[in-house]
Structure formats: C-alpha cells, structure tokens
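Novice: make a model of this:
(chains A and B)
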Amino acid sequence: MSAVSTRPNLAFSGEHEVLRNTVRQFLAATSSPADMRRVMETPDGFDRSTWSRMAEQLGLQALLVPERYEGLGQGPVEAHVVFEEMGRALYPGPYFASVALATNALLCSGDEGACRDLLPGIAAGSTIATAAVVETGFQATRNSDGWTLDGSTAFVPHGHVANLFLMSAQTVAGRSLFAVDAADAGVESLALESLDLTRRLASVKLAGARARLVGQDGGAAPVIEAAIDRALVALAAEEAGGAARCLEMSVEYAKQREQFGRPIGCFQAIAHRCVEMLQRVEFARAASRYAASCLASGTSEFPVAVRVAAAYCGRAYRWVATENIQVHGGIGFTWEHDAHLHYRRSWASETLLGNTDGHHLAIAERLGL
Amino acid sequence: MSDQPQLEDFLAKAEGFLESRYSRRAPERGRLQWGEGSDEVRVFQEPDPIEEADALPEIRAWRSALWDAGMAWISGPTEYGGDGLPRSYEAAFNQLTRKFDVPGDAALTVSLGMIAPTILRHADERQKREYLPALYRGDLIACQLFSEPGAGSDLASIRTRAIRQGDSWHITGQKVWTSGAHLADIGEIICQTAPEPRHHNLTAFLIDMHAPGVTVRPLRQMTGGAAFNEVFLDGVEVADSARLGAEGEGWRVALTTLSFERNAMGHSAFGGVGILSTDRLMQLVRHSGKANDPLVRRAFGELVTELRVARYAQDVMADRARASQPPGPEIALNKLALSSNMAALGEFVGSILGRKLIADSGEWGTYAWTSVVLGAPGYRLGGGSDEVLKNMIAERVLGLPRPA
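Specialist: Numbers count the residues shown, from 1 in each chain, chains lettered A, B, ... in the order given. Reported below is the predicted structural model:
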C-alpha cells in the first residue's frame, strides 16, 4: 500500500550536524579568508598540507567512495552537508574536482577494475583527480598495446594540479570514458587565468597520451549524463552554502554600518533586500537538500529534482552574491573585501556544468514536454 | 503513549473507514482531461453562494463521521477530543483521503487551520473543551475578524471597540476581508479595549456570529467574485467568559492566528495540485501548439523550477516541525513565494495564450486563466502584504533593527 508518503525525510539528523560542525571547524582553522588570500597567489592555488590533513584527519576525500574501495561509503545527503560547507568557505582545493567530478564519474561507469585501481588513491587524498566530461574534443585511438588520446580542452577544474584525468573522448564506437595519468609524457596541463580565483580552470592537451578505457567502449553517454547529474547535486550544495555566507555578510554589515545616524538595516530598501536574499538562500538549501535526498533514495523524481536544484541554486547564488556587494556599498567593490570572491565563484559555478537556460530546457525534456 | 498504534495499522483502519463511506477515486480521475468538464481555474474560494450552502451539510456529515471514527483531529491532545498521535500520522491520513471521493473542506481552512490552533494555545480550559471538539466535529465554523478599513498593514491600530459593562462587553466597529463570515457560527475578533499603550490595548474574543448586532455583507473583489465579507458590529453583547486570553493580550493572540494563516497560505504554494500542477501546465503548452518552441520550453522549465522549489522548501519546513522543531516566523517565506509564483504563472500563461487570454473565444482552457491574472495581485496582499511580512522577517528572523 502506498498510502505513506514516499518523499524523503528532509530533516537533518544529529550525525549530520556533527559532520557539519566538524567540517566547518576544520575549514575555519585551515582555510580562513586570510589563508585563501595567501594561497590564491601561489601557482597551485591551494594549500597541499591542508589537503593532506583533510584526508588524514577527516577522510573527506573518501566520503563518497564505497568501503570496498577503501572509502567511507557515505551517501549524497552527507555529501550535501560537506559541499555546503566547502561552498561557504570557498575552499580553494581540488575537492569538487576529485570528489564531485572524478569519483562520481568512476562510480557511474560501473567499471569494477577501474574503481578498484583508482578510487583508493582518490579516497586517501594521494591522487588528485578531475574530469573533463562536457564537450571535449578528444579522439581516442586503439593501438596494439591499448588506447591513446589526442586533442585539447579547456575549462578543466583543477586540471593544473591533477594526477589523474577522467576524459570523455570519441572512439569509432561512440562517446567513451578514459582515465589518463597526468605523469604520461603526452599530457600537458596549464592553469588558465580564471574568473573564479578560488577554483582555477586549466587547459589540458593530450598528444598520444596513453589512456585506460573506463566502462564500455562507446557506452559513456549515459554514464556521463549520470555523473554530471551527481556532480550538479554537489555544485548546488556548494552554491547554497556560498549564498548563505553572502547573506550572513550582508546582515552583519547592515546591523553595524551606520549612515544618516542609524544602522542601514533600519532602511527598508536594505532590510527587504536582505529578506529576499534569505528567501533565495533558504530555498536554495531546500532544493539542493531535496535533490540529494532523491539521489540517496533513488526515487524517479531525481532527474527533474537535480535540474531544478541546479537551475535554482546557480541563479540564487549569483543573485545573492551580487546583492551582497550592493548592501556593502563601496567597500564591497574593493579587492580586499571577500564579496567579489563569492561573486566570481557564483558566475563560474553557474556555467561550469551547463547553464541555467540549459537546466530549464532539461527540466522540460525530462518531464516529457 | 504506550498504546500508540503502528502507522501501518492506523492507516489500515483509516482506509477501512474511508472505504465504508466513500467511493475510491479512479486513479486517472486526478489527471486532468483536457477539453472535458469545467475549465475553471480557481485562485480564490469564490463559490456560488447557493452551491456553497448546499455543500455545507455534506461537509458537516464528513467531519462528524471523522469524529466518530477518531480521525477528526489525529495529532490533537486527547483531553480536547484529539487522538494524540504524531503529525506524521495526520499527514499520511490526509494523503490517503486524496484517493477517496471525500467532500472538499476548503470552507474549514480558517476554522481548523487558524482559529482552532489559536484556541488551543490561548483559550482557558472551559473554552477549549467547549470549542475544540465542536470545531473539529464540524458543528461550528469559525472566521477571523481582524482587518478593518483603517487598519490593514498597521493591524495594531484597529478601532473596533469593546467596552466593558459588568460581566459583559459591547462591541462596535467594522471588520473587512473576512473569509467565510457568511458561513461562520463564531468569530475570533480583536478589539480595542483601552486607548493605549499600542500593542497592549487590544483584547481577543470569540463572538457568536448569529448574535444581534452582527451584519455580514459580501465584498466583491476585483476578480468579480466575492471570497470575503465586510462585517458590521453594532453594540454586540459578549459575555466576559468569551474573552480569549487576558485583557490587553489581544495582540499576542492575533500574532498566533496570523502565523497559522501564513502557514495555511503557504501550503498552496507547492506545484503538485490544482492550478499549479505540472500536468495542467504541460497540457496547456501542448494544446497551444508551442511545445517545440525553445523559448516556451525554457520558460516552462523556469516556472516549474520556481514552483517545485517552493514545495521543497515547504517540505523541509514541515520535516523540521515534525522533528519537534516548531515553525518559526520564516514560515512567511512560503507566502512570499506563493505571491511571486502566482505572478509568474500569470506571466507564463499570458505568453502562451496571447489574445486568447483577453477575450473568451469559447475555446476550452483559455480565457479561464484570466482568474490567475486577476487573482495574483490579491496574493501579494493577503495574509499580510509582502512588504509587511518582509518587515517582520527582517526583524524576527534576521535580527535587523526596526525601521526608524
């Protein structure tokens, strides 16, 4: 009997709150705005010792990796909690690349051998992985001793620091997924000047780079679609977290900044703007949480829910990050203020894995219009 | 609660009860058949007064049967006729009722969604025992007498006076925007009982709507229908025992009712039923011949996004409440979403229908959408104007200083 609601429960458990606090404290101690300013200027763009401690002390890189591949075997709701915190702190390391993109691509491939060989390193944090799965121009060729890849692509998150690439490439049979070791002589990756200073994108050139086929030759299209959907759940959570931080910044400032002899939060033009920000923040959190729960419980609602979350959270974060600058006035437009770091991240995130228009079209498609 | 039944057993019993009295809805009945039956798109409850009066006995019979079966107030405290079960049981039961042809009880939204919970929180023991069972059994229908011609957003400035004479009070004044006053047996009224101080000079009463001196007149709004009333009070005599809460505590009582009102209003913000149903919107697009227009498809995806996220937010708040975290003032965010979604829906159907929206060509499912366009402005005002709610959220949720 289906009388009982099948929709997932959306309240966070005590364990979720413990996880949230643990991650928040870790990021506050290791990746404060001052830390971020420092690492932003370095060639890597992040701090490798923080990355190692994150793996050793919290095991966060192992979060989504099943236990049989030496991971923690946690689910999408736990990941939602962690990614919210990552987005809030603008964590500049390759966490999204390794966990949301590469881990999900491997898991969606269903390739036991590749998972067994590659996931333990990702889980331990010793392998930094990333994926280029959206519109790459790579061609794969089968040789007597395996596959090689040729071509180039840009916009690969943390491609300049990755040890392992998961690449979409064309074979004679169709779209296929490959794993490429960054140490191979045929691989050249280069950090690009990027709008988002806390998540740098890279170009990757492959010239006869040796590659390992992951999954079926020609069978990657549904794998990549599923992997992108899962990565979008993580991205939406990051966006919700970033938006929540922008709101906090605005509200704190509106209480403290005085003009015309009173705090600017007294003025309805500011107060109402903050309430509209709150609404988008709360709704973005709900949307990404809902999508994560649908993924966790495997409901048929997931394909629509994930694009609803992606469409809503992307736009909400950008709007809230924009208004955050406005509430701060001139100070919000300075290099020293963190408002622009969120603003930059919000623009980058909204287009990283397909833009809002594309998500809206996907919703129509997936609902059967 | 050691004798609490398992949810499965409870639902099996509930299903047996529903089965014994009401026919099951055919599964496809929930689905809209384009071009068949009424194409009415209902934005406000504006029923024909005669149809409405005819439907009332059926609604009362349904409530009384529910009462006898122990399902009229599933989550209510047992001492006042409730069943003392968790809210999740109530939610599951409500979902179950959608599979049966039970009478729609929108006429009881104010009674059960707003007035009864206010009574539970603020009334004295005798009043709770008198009114709560009667409201849940459907013997009494209640309305809310708050707004006045001179007190809308500034509700605390109401002028309707209650003057004490011995053991009774005499109420004189005018109320407006009263949903369901013409059906109601009792009304929760807020009156001024002292000239000042502001917010502490108001007192709440439960009055008999059939008492001498009470006049109810329908108020025709811009849609053309009359979902609300004006209520005139001319020296209406009320016993002191009908006072709800202490003298001077009326503002607190009113705030309770208003927070339940926002909760009840926000509930219709989700995209699953009625005019906001995805199915109805998809059929509209298909029948307009624009299903392959990428602009329309994008706009459809955008509208669905807003409607669904409003529902998810509602679900998240409901689940927080279920985990015994009570809904706070942030519940008003759902009402803000409802007003913007009604406006967005109007924009969308307007772009689909074009001229078919501005004159009734007789084509099914076209001109009927004008009620959305005409009703949308009301949603920005009802349950507290969007602006007043934003003031409230800024202060109580964000902790911003009060406007100067």
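
Novice: so how far is A:A271 from A:S346?
Specialist: Separation of A:S346 from A:A271 (C-beta to C-beta, to the nearest Å): 23 Å. C-beta here means a position set from N, CA and C on the backbone, and glycine is covered the same way.

Novice: compare these two (neighbour count), which wins?
Specialist: Residue environment comparison for A:S346 versus A:A271 gives the larger neighbour count to A:S346, 27 against 24, counting by other C-beta atoms under 10 Å in any protein chain shown.

Novice: ok, now how distant is A:A287 from chain B?
Specialist: A:A287 sits at a distance of 5 Å from chain B (criterion: C-beta to the nearest C-beta, to the nearest Å).

Novice: whoops, A:T171 was the one
Specialist: The gap separating A:T171 from chain B is 31 Å, by C-beta to the nearest C-beta.

Novice: what's the per-residue pLDDT of that residue here?
Specialist: The predicted structure scores A:T171 at 96 on the pLDDT scale.

Novice: do the same with A:E323
Specialist: 98.

Novice: figure out the helix or strand that it lives in.
Specialist: Secondary structure assigned from DSSP states H and E places A:E323 in helix A:302-328.

Novice: also A:S203?
Specialist: Remark: A:S203 resides in strand A:201-214, with elements defined by DSSP H and E.

Novice: now do the SS call for B:Q4.
Specialist: Counting by DSSP: H, G, I helix; E, B strand; the rest coil, the backbone at B:Q4 sits in coil.

Novice: sorry, that was for B:A53
Specialist: If you use three-state DSSP, then B:A53 falls in the helix class.

Novice: B:S23: how many residues sit nearby?
Specialist: Residues lying near B:S23 (other C-beta under 10 Å) number 10.

Novice: what do you get for the one 10 residues further on?
Specialist: Using other C-beta under 10 Å, B:Q33 has 9 neighbouring residues.

Novice: from B:R60, how far off is it?
Specialist: Computed with C-beta to C-beta, the distance linking B:Q33 and B:R60 is 31 Å.

Novice: do B:Q4 as well
Specialist: 29 Å.

Novice: which residues in the chain form strands?
Specialist: No chain specified, so I'll use chain A. For chain A, strands defined by DSSP state E occupy the ranges A:129-132, A:138-143, A:146-157, A:164-171, A:174-181, A:187-191, A:201-214, A:258-259, A:262-263.

Novice: actually it's chain B I care about, not the one you picked
Specialist: B:142-145, B:161-165, B:168-176, B:186-192, B:202-208, B:214-219, B:228-239, B:243-244.

Novice: export those strands as CSV, with columns for distance to chain A.
Specialist: Listed next are these as CSV, based on distance: least, C-beta to the nearest C-beta, whole Å:
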stretch, distance to chain A
strand B:142-145, 25
strand B:161-165, 32
strand B:168-176, 25
strand B:186-192, 26
strand B:202-208, 25
strand B:214-219, 29
strand B:228-239, 27
strand B:243-244, 31
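
Novice: any idea which of those is most buried?
Specialist: Each of the strands of chain B was given a mean neighbour count from mean count of other C-beta atoms under 10 Å in any protein chain shown, and the largest, a mean of 28, is that of strand B:142-145.

Novice: please produce a markdown table containing the strands of chain A, extended by mean neighbour count.
Specialist: Conversion of the strands of chain A to a markdown table gives the following (neighbours: other C-beta atoms under 10 Å in any protein chain shown):
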| stretch | mean neighbour count |
| --- | --- |
| strand A:129-132 | 28 |
| strand A:138-143 | 16 |
| strand A:146-157 | 19 |
| strand A:164-171 | 24 |
| strand A:174-181 | 22 |
| strand A:187-191 | 16 |
| strand A:201-214 | 21 |
| strand A:258-259 | 11 |
| strand A:262-263 | 15 |
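
Novice: from memory A:L58 sits against A:Q25, does it?
Specialist: No. The pair A:L58 / A:Q25 is not scored as a contact, 10.1 Å apart, by C-beta atoms under 8 Å.

Novice: who has more neighbours, the two?
Specialist: Neighbours were tallied for A:L58 and for A:Q25 using other C-beta under 10 Å; the higher tally belongs to A:L58 (17 against 11).

Novice: isn't B:F93 right next to B:M71, touching?
Specialist: Yes. The pair B:F93 and B:M71 passes the contact test of C-beta under 8 Å, sitting 6.3 Å apart.

Novice: could you tell me which residues touch both of these two?
Specialist: Taking C-beta atoms under 8 Å, 6 or more residues apart in numbering or on different chains as the contact definition, B:F93 and B:M71 share the neighbouring residues B:A14.

Novice: state the distance from the nearest residue to B:A318 once chain neighbours are set aside to A:L352.
Specialist: Setting aside the residues directly before and after it, B:A318 is nearest to B:A91 in space (C-beta to C-beta, 6 or more residues apart in numbering or on different chains), at 7.6 Å. To A:L352, B:A91 is 38 Å away according to C-beta to C-beta.

Novice: more neighbours: the two, which one.
Specialist: Higher neighbour count among B:A91 and A:L352: A:L352, with 21 against 16, using other C-beta under 10 Å.

Novice: what's across from that one in the sheet?
Specialist: A:G354 (DSSP bridges).

Novice: my guess is it meets A:P157, correct?
Specialist: Yes. Counting by C-beta under 8 Å, A:P157 is a contact partner of A:L352 at 7.1 Å.

Novice: quick check, pLDDT for whichever residue of the stretch 201-350 of chain B sits closest to chain A.
Specialist: Of all residues in the stretch 201-350 of chain B, B:G301 sits closest to chain A, with a separation of 3.0 Å (C-beta to the nearest C-beta). The pLDDT attached to B:G301 in the predicted structure is 98.

Novice: counting neighbours, what do you get for the closest residue to it other than its chain neighbours?
Specialist: Setting aside the residues directly before and after it, B:G301 is nearest to A:H360 in space (C-beta to C-beta, 6+ apart), at 3.0 Å. Here the neighbour count serves as a burial measure; for A:H360 (other C-beta under 10 Å) it reads 25.

Novice: A:H360 is in contact with B:E306, isn't it?
Specialist: No. Between A:H360 and B:E306 no contact is recorded; they are 10.5 Å apart, counting by C-beta under 8 Å.

Novice: how many other residues sit next to A:E41?
Specialist: Residue crowding around A:E41 was assessed by other C-beta under 10 Å; the count is 8.

Novice: and the longest helix seen in chain B, what does it pack onto?
Specialist: Using DSSP state H to assign secondary structure, the helix with the most residues in chain B is helix B:294-322. Contacts of helix B:294-322 with other secondary structure elements, assessed using 3 or more C-beta pairs under 8 Å, 6 or more residues apart in numbering or on different chains; DSSP states H and E, are made with helix A:268-297, helix A:302-328, helix A:356-366, helix B:87-97, helix B:278-287, helix B:332-353.

Novice: pick out the residue of the stretch 251-369 of chain A closest to chain B.
Specialist: With distances taken as C-beta to the nearest C-beta, the stretch 251-369 of chain A approaches chain B most closely at A:H360, which sits 3.0 Å away.

Novice: and that residue, what does it touch?
Specialist: When the contact criterion is C-beta under 8 Å, 6+ apart, the partners of A:H360 are A:307, A:311, B:297-302, B:305.

Novice: so which bits of the stretch 301-404 of chain B are right by chain A?
Specialist: When proximity is defined as C-beta under 8 Å from any C-beta of the partner chain, the stretch 301-404 of chain B approaches chain A at B:301-302, B:304-306, B:308-310, B:312-313, B:315-316, B:319-320, B:322-323, B:325, B:330, B:333, B:336-337, B:387, B:390-391, B:393-394, B:397-404.
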